[in-house]
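Colleague: Everything below, folded, please.
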Amino acid sequence: MSYSALARYYDSLMRNVDYSARADYLCSILEHLGHSAGLTLDLACGTGSLTLELAARGYDVYGLDASPEMLSEAQQKAAEAGRSILFVCQEMQKMDLYGGVDTAVCMLDSVNHITSSADLQEAFRRIAMFLNPGGYFVFDANTCYKHRKILSNNVFVYDLEDIYCVWQNRCEQKSGLVSVSLDLFEHLEGGMYRRSSEHFQERAYSEEQLRTMLENAGLRVEGVWADMTFESPGPEAERMIVVAAKA
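Modeller: Okay, here's the model as predicted:
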């Protein structure tokens, strides 16, 4: 899945995300664990916003994403920031790195975009394979509650300076699978618009499912917290943070 249409507008649509605060939170997680980040892999890095924030904090970090269009945006942003960062175009479930990493992170619900549990299990297996002993994998995921109650069958409209977006969801309540359709209207001169569309799916996984898959991959779950906290996620938590270690 390349997200070819979405890549051009992704940063505009995600402008409400505080990447700086999220990078600080990741730093606090590693400090809490007593773990030195070492060589860090930013999985499903998208346009590289978090990768750049981690690099600015002194991380030896590189990014991986399945979308060449997203990575093109990331490389351009890195160049503009004067940073030389490696970006690799691979799917997580087919990841084949040149060597091990000490830390892997995967943020902003990217695991939910892997809708096959078999594919997600394989992604976890490959992450475990490339993590150095004592390494940590930190990721977040939308909860089942968010998929069924917040995303659900709702429609969201974003009217921004450079883009008008209609976001439509169709949720299968039993499975938690959400089908997303985006209609993107780029503002042009003379009151004209250029329309493009993007379609993808997301699946919610329960904490128990994630724990089982991580353990099957050889990773030990060290913590599950509500987003941006060190507290257990409540029944109405919309996102959970999962930390797993390689023994």
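
Colleague: Surely Ser12 is in contact with Leu160?
Modeller: Yes: the criterion here is Cβ atoms under 8 Å, and Ser12 meets it with Leu160 at 5.4 Å. For every residue, glycine as well, the C-beta is placed using N, CA and C.

Colleague: Tell me which of those two has more neighbours.
Modeller: Ser12 (15 against 12; other Cβ atoms under 10 Å).

Colleague: shaky segments in this protein?
Modeller: In the predicted model, the chain carries pLDDT under 70 at residues 1-2.

Colleague: Can you give me the domain boundaries for it?
Modeller: Segmentation of the chain into domains, based on automatic domain parsing, reads 4-142+205-246, 146-203.

Colleague: any idea how far Gly34 is from Leu151?
Modeller: Distance of Gly34 to Leu151, computed by Cβ to Cβ, to the nearest Å: 36 Å.

Colleague: quick one, which of those two is more surrounded?
Modeller: Leu151 (21 against 6).

Colleague: Provide a list of residues in contact with the more buried one.
Modeller: Contact analysis of Leu151 by Cβ atoms under 8 Å, 6 or more residues apart in numbering lists Asn142, Asn169, Cys171, Val178, Glu202.

Colleague: switch the cut-off to 10 Å
Modeller: Asn112, Asn142, Trp167, Asn169, Arg170, Cys171, Gly176, Val178, Val180, Glu202, Ala204, Glu238 (Cβ atoms under 10 Å, 6 or more residues apart in numbering).

Colleague: swap in Arg148?
Modeller: Taking Cβ under 10 Å, 6+ apart, one finds Cys171, Glu172, Gln173, Lys174, Ser175, Gly176, Val178, Ala204 in contact with Arg148.

Colleague: and what of Asn112?
Modeller: Per Cβ under 10 Å, 6+ apart, neighbours of Asn112: 120, 140-143, 146-147, 151, 176-178, 201-205, 239.

Colleague: Ser36 too?
Modeller: Leu30, Asp102, Thr103, Gly134.

Colleague: I'd like the next helix or strand past the strand or helix carrying Ala23.
Modeller: Using DSSP states H and E, Ala23 sits within helix 19-33. Later in the chain than helix 19-33, the nearest helix or strand by DSSP H and E is strand 39-43.

Colleague: Neighbouring strands - and their directions - for that following strand?
Modeller: Using DSSP bridges, the strands paired with strand 39-43 in its sheet are strand 60-65 (parallel), strand 101-106 (parallel).

Colleague: Quick check: which of the ones you listed is nearest to Val88?
Modeller: For Val88, the closest of the strands paired with strand 39-43 is strand 60-65, at 4.6 Å, according to Cβ to Cβ.

Colleague: could you pull out the helices for this structure?
Modeller: 4-7, 10-13, 19-33, 49-56, 68-80, 117-130, 144-145, 207-216 (DSSP state H).

Colleague: helices and strands around the shortest one, which ones?
Modeller: Under the contact definition 3 or more Cβ pairs under 10 Å, 6 or more residues apart in numbering; DSSP states H and E, helix 144-145 sits against no other helix or strand.

Colleague: Other residues contacting it?
Modeller: 175-176, 203-207, 209, 233-240.

Colleague: Could you identify which of the domains of the chain is most buried?
Modeller: domain 4-142+205-246 (a mean of 18; mean count of other Cβ atoms under 10 Å).
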